[in-house]
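Q: sequence first, then the predicted structure, then my questions.
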Amino acid sequence: MLEEHATVVSVDEDGIWVEVQRRSVCGQCAANKGCGSAVLQKVLGNKRNIFRVSGDFPVNVGDEVIIGVNENALVKGSLLVYAVPVLYMIVFALLGETIVSRTLSIESDSMSVLGALVGLVVSVMGLRWHSRKTTDHPQYQPILLRHANEVLVQPEYKLLG
């Protein structure tokens with residue numbers, strides 16, 4: 001479970017709404033001055049995201065809480081968002097080059113580019129459909145884990161021997 005600090009901004013019948021400030025680790029990196037991420041961070045600034053979480057314990061507006069996201073869901077989502085469009089672009093570019101260009105005797109490079117663009121559009125539409133289908137799936141929803149000031153008690157381990 002990946003954890004993040006958040007602040008409760010609203011509590012209603014739809015759920016608990018929290019605010020998370022996007023952070024960057026650029027201050028800890030040696031390549032801070034020459035890194036593209038550091039430049040983007042300076043240009044875009046610190047952005048705050050507000051979203052709904054589910055939870056089993058009472059919270060009040062202003063409470064500091066820890067929220068969590070299933071890391072398997074994060075990996076699946078990342079693969080979908082990054083790998084699927086590239087895969088579709090490659091497949092449709094190859095289809096454009098082989099099928100369309102050979103049957104219609106059109107220049108294969110232009111058909112490859114057109115096929116890649118069609119693949120990108122098809123993948124984005126598929127990802128939008130998948131996102132709408134899984135938007136309320138519990139696996140992909142952040143959950144309220146605990147108040148930020150709660151101390152986790154680690155179990156004591158005894159050495160055998």
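A: Everything's here; your move. Numbering: from 1, shown residues only.
Q: C-alpha only now, for contacts and for neighbours.
A: OK.
Q: now residue 73: which helix or strand?
A: Element membership for residue 73 (DSSP states H and E) is helix 71-95.
Q: how about residue 16?
A: Using DSSP H and E, residue 16 maps to strand 15-21.
Q: who does that strand touch, helix- and strand-wise?
A: Counting contacts by 3 or more Cα pairs under 8 Å, 6 or more residues apart in numbering; DSSP states H and E, strand 15-21 is packed against strand 2-12, strand 48-53.
Q: only alpha carbons, please: show the very next helix or strand once past the last one as CSV.
A: In the C-terminal direction, the helix or strand that comes right after strand 48-53 (DSSP H and E) is strand 64-69. Extracted in CSV, the C-alpha atoms of strand 64-69 (Å, rounded to 0.1, in the frame of the first residue of the first chain):
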residue,chain,number,x,y,z
GLU,A,64,-4.4,15.4,8.8
VAL,A,65,-4.8,11.9,7.6
ILE,A,66,-2.9,9.2,5.8
ILE,A,67,-4.5,7.8,2.6
GLY,A,68,-3.4,4.8,0.7
VAL,A,69,-3.5,3.4,-2.8
